[in-house]
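> Show me the folded form of this:
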Amino acid sequence: MKIPELEKQARTEAIASVRRYFDENMAEPIGELAAGLLLDFFMEEVGPAIHNAAVRAAQERLQVRLADLEGELYCDPFQYWARTAARKRDARPR
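Prediction:
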């Protein structure tokens, strides 16, 4: 499977975030090129593990929803006359 890539804007923001992290938490700041290379490393090395965890979470969520598919999507049949009678009752002057 191909390693997911960030969109240009997300990549720009991620590099800025890496640089800020280094500025605030490390002994030395990091340049934009180094931050981009570090981001590439994490995307290739750790990205697939994060991706797989997200896929598992989505599968679990879908399985819960599919287990109660009838409850999620059930529609009461033959409701026209009941709704029509209710509208007529609501429309009567009081």
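
> So P4 sits against M43, correct?
Yes. Taking Cβ atoms under 8 Å as the definition, P4 is a contact partner of M43 at 7.3 Å. The way it works is simple: take the backbone N, C-alpha and C, and place the C-beta from them, glycine included.

> between those two, who's got more neighbours?
More crowded of P4 and M43, by other Cβ atoms under 10 Å: M43, with 18 against 12.

> Regarding the more buried one, which helix or strand does it belong to?
helix 32-45 (DSSP states H and E).

> got it, and R11?
Going by DSSP H and E, R11 is in helix 8-25.

> before we move on, the earlier item: can you pull the buried residues of the helix holding M43?
Neighbour-count burial for helix 32-45 flags 35-36, 38-40, 43 (criterion: 16 or more other Cβ atoms under 10 Å).

> Kindly report the same for stretch 75-85.
Neighbour-count burial for stretch 75-85, counted by 16+ other Cβ under 10 Å, picks out no residue.

> same question, stretch 3-22
Neighbour-count burial for stretch 3-22, counted by 16+ other Cβ under 10 Å, picks out 14-15, 18-19, 22.

> Tell me the one of those residues nearest V64?
Lowest distance from V64 to the buried residues of stretch 3-22 (Cβ to Cβ) belongs to A14, with 31.5 Å.

> Setting the sequence-adjacent residues aside, check what's closest to the closest one.
L39 (5.5 Å; Cβ to Cβ, 6 or more residues apart in numbering).
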